[in-house]
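**Student:** give me a 3D structure for the following:
(one chain, ligands or ions: 1)
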Amino acid sequence: MEIQHPTTDRTGRTPEAFRQNIVNNLYYSRGANVQSASNYDIYMALSRTVRNHLVERFRRTVDMRYAVNPRFVYYLSAEYLLGRQLPQNLLYSDTGELAGAALDGSQFPMTTMIEQDVEPGLGNGGLGRLAACFLDSLATLDIPAIGYGIRYEYGIFRQEIRDGYQVEQPDEWLALDFPWEFAQPDDMIPVGFGGHAEHYHDAHGHVRARWHPAEQVMGEPHHILVPGYGTTTVNFLRLWRARATAEFDFRLFDIGDYASAVQAKVHSENISKVLYPNDNTPQGRELRLRQQYFFVACSLRDIIDRFLRCGNPIEDLAEKVVIQLNDTHPVVGIPELMRLLIDEYDLEWHAAWEITGRVFAYTCHTLMPEALEKWPVSLFERLLPRHMVIINEINRRFLADVSARYPNDYDRLSRLSLIEDGGERQVRMAHLAVVGSFSVNGVAELHSQLLKDRVLRDFYELWPERFNNKTNGVTPRRFIRLANPRLSGLISDTIGDGWLRDLDRLEQLESHAADAAFRAQWRAVKTANKVDLAAVILARTGCVVDPNSMYDVMVKRLHEYKRQLLQALHIITRYNRLVADPTLDLTPRTFIFGAKAAPGYYMAKLIIKLINAVGEVVNNDPVAGKLMKVVFLPNFNVTLGESIYPAADLSEQISMAGKEASGTGNMKFALNGALTIGTLDGANIEIRERVGAENFFHFGLTVEEVFALKAQGYRPMDYVAAAPELEKALKQIASGVFSDGDPTLFEPIIRTLLDRDEFLVLADYAAYIESQEEVDRAYRDEETWTQRAILNAARCGFFSSDRAMRQYAEEIWRVKSLPVK
Ligand code: 26W
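**Tutor:** Predicted coordinates for the structure are as follows:
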């Protein structure tokens, strides 16, 4: 039978055809008709219809690449924070208007449909969202790229706030059908764990090894389409779900042990059950290492299969394949590729090592020493015995090279070793990453510099050419176009719509900053967005906020180094000033927080409680409550971010210098016309350089000053003694002003601040307060503020993830754009 594949868009581009497609999908895949349909039925039928509009582009992309056999980049990441798919796919398939017309006048408005669309929260924070921005840009740039990750059944927990405390609820994003994925249960990949490695002599008398795992798990691929914007390319993200193997179950069924058979199945399938909700602090759990190896093993198998299917010989792997490791989480891929090449493809060690070192590139996303993953050697040996042998061999050869270069420098050897000695022996995954990669990059200029100077200094001395910087970026499609349609409309009306694929064009807005009429339009956009956010705040917290007040926003993971506490101290100080002098003419402000804390991070959770407690007192104060409000928006995620960034006036980026690798929220705010108050940390530095120091409120100790202060011996009490308002705020917290008179509740916060204050909150307090006073004054001059806001957006085109991906493609991957004909 000759099968005709649709060569043109068979889904039809008329409103009638679109409507009919929804009805057909409703009828044939939901067994429903319009009369019987629920919101969810229509949502599913609509989503299927929209997805169908991407499938043809997807097929063309895949088929063309198969024919051309280009070099591919593979992005391996344990986390992806994709955000809602429906609004994105409506935009990228250009079916928004068709869908709007189809639903128009029905009892199923588009807003209701979009509310049904659940965001897959398969990540913790910045690293996961960055991965999603990168996929968006790779597709938009027509780069042959595939993302790989884990299809967690439960993503990042849903945060509720009860009595001011964070309460975690499971994220049941798969409770109903997720319409955006294609499951491929017929294409499973086996993954082994445990067992032992057997040595034998091959036909040529060479000693070889073979791994006999004790346990097997299957990886079931699911892919999610990743369309490019304004181009035909549709890439995909392939996420692995753990499935029990049939054989494994049958063996136990046969011996009549039904319960154990089911238990074994549960044990296997647990691997992709839940995302670890930790950010920057690893929990060295066996299940996590199992997750990492599981998704990496599936992905490498898949990559090699695709490579071989195109007729390439295994020796040429590094010509066609480059793999970017998103932090250390997929680094076990390095020994896994060695194992495949040596044990399964019969390559010699040195040939395998040469290929491996040309395939992998590593991105580091942190400066927190405790965030560098380490795995006990004993755990590795038990779970991945063959890999542990390979790691030891990599280490032996590596240290031999180092010894040759630095004879008798034993300290250096132990600093560099892949294995940490002393106490429990551990595998240092960051070291393995550097040794096994041809490129090591940080995510902002300062961060990359600190990697070279401090965190990975010995490695930099060995291989300076490996180190490079790639400053992060964000996708303007999601964070401007979708999040802020009003501003997008104004920008496109002013400079055309080319900026969505070439963000540098925002520069053309500069000349309009001096135009009072343009500024008025800009302000009208901001105000409308603030009104919208006020409605969200009311619905989620019950708090009424004034859209005419300044929206001062801090949304990010809760971590002590990010210093949400510093903002809390500022708020208390402001409150005290107002109470002391009710006639004080302060700029009205709404302080907006959003932050998830790791469930086991006690101090972070207490800080959330403190913020809510301060809000309780401030908001209900008859004097202060008129000029300031404090709201904590529960469950900050990509979707909520999309309604927050467009409404912000002031962006809080106040980490202790030297701790925030880059930050990406800072970019989203600036691109939406917020001014930043920030330290000279991460990408803040580059934002300030671009927008101009006069359009950025910077304060606080620099990295050098931080190091110097710590070296000389930091004494937090000195700063309390020097700032009476700080002392007062701390005393209030300590005495129970924000805890109904209970002095014990916040005592741990006071203690960390006064005893150690690791992140120099007190040292930066005075400078911060002073800078906030300057913000107040600046905000009063509406015209100048607007001008500065416009310049922030106009000068931040550099922070597009398109630019970042172009740099990776040219400077690290050597992959070329391949538009679909
Ligand atoms: C296993 C524990 C763990 C979990 C997550 C360690 C480290 C991580 C991530 C690397 C933390 C993270 O998300 N880092 C953030 O990465 C962003 C994207 O590059 C940066 O913008 C942030 O500054 C950085 O904190």
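**Student:** CA only for contacts and neighbour counts going forward, please
**Tutor:** OK.
**Student:** quick one: name the residues of the chain near the ligand.
**Tutor:** Within the chain, the positions lying close to the ligand (CA under 6 Å from any ligand atom) are 125-127, 130, 278-282, 327, 365-366, 371, 443, 660-664.
**Student:** got a quick ChimeraX command for the buried subset of those?
**Tutor:** What follows is the ChimeraX syntax for the buried subset of these, where burial is set by 16 or more other CA atoms under 10 Å:
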select :125,126,127,130,278,279,280,327,365,366,371,443,660,661,662,663,664
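**Student:** so which of the residues of the chain next to the ligand are in helices?
**Tutor:** Mapping those onto helices (DSSP state H) picks out Gly126, Leu127, Leu130.
**Student:** pretty sure Val525 sits in a strand.
**Tutor:** No: inclusion of Val525 in a strand is not indicated when DSSP: H, G, I helix; E, B strand; the rest coil is applied; the result is helix.
**Student:** that one contacts Gly489, doesn't it?
**Tutor:** No: here Val525 does not reach Gly489: they are 9.6 Å apart, not a contact under CA atoms under 8 Å.
**Student:** so the two - more neighbours on which side?
**Tutor:** For Val525 versus Gly489, neighbours defined as other CA atoms under 10 Å are more numerous around Val525 (20 against 14).
**Student:** quick check: which element contains Tyr768?
**Tutor:** In this structure, Tyr768 sits in helix 761-780 according to DSSP states H and E.
**Student:** who does that helix touch, helix- and strand-wise?
**Tutor:** Judged by 3 or more CA pairs under 8 Å, 6 or more residues apart in numbering; DSSP states H and E, helix 761-780 is in contact with helix 564-580, strand 697-698, helix 716-722, helix 782-794.
**Student:** pLDDT-wise, which helix or strand of this protein ranks last?
**Tutor:** When the helices and strands of the chain are scored by mean pLDDT, DSSP states H and E, helix 246-254 comes last with a mean of 63.
**Student:** which element follows that one toward the C-terminus?
**Tutor:** With elements assigned by DSSP H and E, the helix or strand that comes after helix 246-254 is helix 258-269.
**Student:** give me the mean pLDDT for that next one.
**Tutor:** Averaging the model's pLDDT scores along helix 258-269 yields 84.
**Student:** cool, stretch 539-549 as well?
**Tutor:** Over the span of stretch 539-549, the pLDDT mean works out to 98.
**Student:** which parts of it are buried?
**Tutor:** For stretch 539-549, the buried set under the neighbour-count rule, 16+ other CA under 10 Å, comprises Cys543, Val545, Asp546, Pro547, Ser549.
**Student:** quick one on the thing from earlier: tell me what angle the helix holding Tyr768 forms with helix 564-580.
**Tutor:** 60 degrees (axes from the mean of the first three to the mean of the last three CA atoms, to 10 degrees).
**Student:** Leu308 contacts Ile314, doesn't it?
**Tutor:** Yes: judged on CA under 8 Å, Leu308 makes contact with Ile314 at a distance of 7.1 Å.
**Student:** run the chain-centre distance for the longest helix along the chain.
**Tutor:** For the chain, the helix that runs over the most residues, judged by DSSP H, is helix 39-68. Remark: helix 39-68 is offset 25 Å from the chain centroid, using CA atoms, centre = their mean, to the nearest Å.
**Student:** against which helices or strands is it packed?
**Tutor:** In this structure, helix 39-68 packs against helix 15-30, helix 86-92, helix 110-116, strand 215-227, strand 234-244, with contacts taken as 3+ CA pairs under 8 Å, 6+ apart.
**Student:** now do the helix or strand following the second one against helix 15-30, angle only.
**Tutor:** Note on helix 86-92: by DSSP H and E, the next helix or strand toward the C-terminus is helix 96-103. Here helix 96-103 points in a direction 70 degrees away from that of helix 15-30 (the same axes, to 10 degrees).
**Student:** what's in contact with helix 96-103?
**Tutor:** For helix 96-103, the external contacting residues (CA atoms under 8 Å, 6 or more residues apart in numbering) are Arg13, Thr14, Pro15, Glu16, Phe18, Arg19, Leu46, Leu90, Pro109, Met110.
**Student:** and which of those is nearest the ligand?
**Tutor:** Nearest to the ligand among the contacts of helix 96-103: Leu90, at 27.1 Å, using CA to the nearest ligand atom.
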